[in-house]
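Peer 1: can't give you the sequence, but here's the structure:
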């Protein structure tokens, strides 16, 4: 989408909020692990998280496409904060797509307006479901709910008053249960155990469960319905991540273009130019928003497998384009982009996150090969 479309579809005053509450803090977010909570609360009050939530639960109901566009708008300035926006809206969408009406009434209004912040703890769940790694949590059915044990190493957008959604297999059953975790509940502990070369301002913490009781009122899908639930939430979960990538690619393309005003005589010899990156982004955005519209139209269970394959393909293409654009920005900028506070080197580090966050590029290639029954290259 063009910049004109962006300004038309972003929440009122989002641009000014970004300029006032986010842009001045980007270096602190990147280098000092600053968590931009004031911006997140204000963005929520503007409706920046509301699009995946139905109006009857306090949202706008404008859909996944609108959510991606808002995320991209934020991502043009800071990918860390765009990722936190993804965590928040993914958490809300998981609840919105569940059959638990009580959970929707309880949690969605506050997630939609930013008075409650939430994360997504489904990386291990998704990777374990396709046998990339083992499940790190286990559930035991008890009276009125489930008892959860184990540790998730990295869950983002967390704090003592936050919530997040995760899922794990049930003992003596093997099928999954999906549920909401309150970070202040008994037996649960947040542990600051890792620091990243980028995205360190996202409140990414380890989550330790020691006999944590999850009542049925906070279960989003019991084992009998969990396979269908996972199939329902995954396409939008993966597609929405491209809001981060789109924003980053837009900014990198502008960097390439801007430095060309003074260095075109030498940068003309670089392999990627602004017009080529912009054309590739236009094609990618068209596909992203086409698929978002299809997901917003509530596809049937029979339509989802083919739609998921299309999502995997564009998610892969978008991740690869993010790396290409950030690499081009770094090379076009040259030494000025290599300074510690330079945007170009930050964008390059952020682009690697787009490539490794679940689903990583290698995970995407694996899933596409499985669906197409393509043997692994020797």
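Peer 2: Yep, it's here. Everything numeric here is computed off the predicted structure, so don't read it as measured data.
Peer 1: the residue positioned nearest the centre of the chain is in what secondary structure piece?
Peer 2: Geometric centre of the chain, nearest residue: residue 86, 3.7 Å, by Cα atoms, centre = their mean. Applying DSSP states H and E as the criterion places residue 86 in helix 79-96.
Peer 1: which helices and strands sit right next to the following helix or strand past that helix?
Peer 2: Downstream of helix 79-96, the next assigned helix or strand under DSSP H and E is helix 101-113. For helix 101-113, the helices and strands in contact under the criterion 3 or more Cβ pairs under 8 Å, 6 or more residues apart in numbering; DSSP states H and E are helix 37-45, helix 79-96. (Each C-beta comes from the backbone N, C-alpha and C, glycine too.)
Peer 1: could you single out the most deeply buried of those?
Peer 2: Comparing the helices and strands packed on helix 101-113 by mean neighbour count (mean count of other Cβ atoms under 10 Å), helix 79-96 ranks first with a mean of 27.
Peer 1: mind listing what's buried in the one helix or strand residue 264 maps to?
Peer 2: Counting by DSSP H and E, the element that carries residue 264 is helix 242-267. By 16 or more other Cβ atoms under 10 Å, the buried positions in helix 242-267 come out as 242-257, 259-260, 267.
Peer 1: ok, back up a step: my guess is the residue nearest to the centre of the chain contacts residue 244. True?
Peer 2: Yes. Using Cβ atoms under 8 Å, residue 86 makes contact with residue 244 at a distance of 6.3 Å.
Peer 1: now do the shared contacts for these two.
Peer 2: residue 71 (Cβ atoms under 8 Å, 6 or more residues apart in numbering).
Peer 1: so for the residue nearest to residue 287 when sequence neighbours are not counted, what's the pLDDT?
Peer 2: Counting by Cβ to Cβ, 6 or more residues apart in numbering, residue 314 is the residue found nearest to residue 287 once chain neighbours are left out, at 4.8 Å. Per-residue confidence at residue 314 stands at 98 (pLDDT).
Peer 1: next structured bit after the lengthiest helix in the chain?
Peer 2: If you go by DSSP state H, the chain has its longest helix at helix 304-333. Later in the chain than helix 304-333, the nearest helix or strand by DSSP H and E is helix 343-356.
Peer 1: mind giving me the packing neighbours of that following helix?
Peer 2: helix 79-96, helix 242-267, helix 304-333.
Peer 1: tilt between the shortest one and helix 242-267?
Peer 2: Orientation of helix 79-96 against helix 242-267 (axes from the mean of the first three to the mean of the last three Cα atoms, to 10 degrees) gives an angle of 160 degrees.
Peer 1: ok, back up a step: residues touching the residue nearest to residue 287, list them.
Peer 2: 239, 242, 284, 287-288, 291.
Peer 1: ok, and the most crowded of those residues?
Peer 2: residue 242 (31 neighbours; other Cβ atoms under 10 Å).
Peer 1: how about it, nearest residue that isn't a chain neighbour?
Peer 2: residue 318 (4.4 Å).
Peer 1: same question for the helix or strand hosting residue 367: list its buried residues.
Peer 2: Assigned by DSSP H and E, residue 367 belongs to helix 361-372. Buried residues in helix 361-372, counted by 16+ other Cβ under 10 Å: 361, 363-367.
Peer 1: what's the closest of those residues to residue 124?
Peer 2: Each of these was checked against residue 124 using Cβ to Cβ; the closest is residue 363, at 12.4 Å.
Peer 1: is it correct that that closest one is in contact with residue 131?
Peer 2: No. Contact criterion Cβ under 8 Å: residue 363 and residue 131 do not qualify, at 11.2 Å.
Peer 1: which residues does stretch 57-70 contact?
Peer 2: Contacts for stretch 57-70 (Cβ under 8 Å, 6+ apart): 1, 5-6, 9-11, 14, 47-48, 50-55, 85, 89, 92-93, 96, 104-105, 108-110, 112-113, 236, 239-240, 242-243, 246, 288-289, 292-293, 295-296.
Peer 1: let's see that with 7 Å instead.
Peer 2: 1, 6, 9-11, 14, 47-48, 50-55, 85, 89, 104-105, 108-109, 112-113, 236, 239-240, 242-243, 288-289, 292-293, 295-296 (Cβ atoms under 7 Å, 6 or more residues apart in numbering).
Peer 1: OK, contacts around the residue nearest to the centre of the chain?
Peer 2: 71, 240-241, 243-244.
Peer 1: could you give the average pLDDT over the helix holding residue 264?
Peer 2: 95.
Peer 1: same check on stretch 38-56?
Peer 2: Stretch 38-56 comes out at a mean pLDDT of 97.
Peer 1: name whatever forms a beta bridge with residue 155.
Peer 2: residue 205 (DSSP bridges).
Peer 1: okay, now it: neighbour count?
Peer 2: Other residues close to residue 155 by other Cβ under 10 Å number 25.
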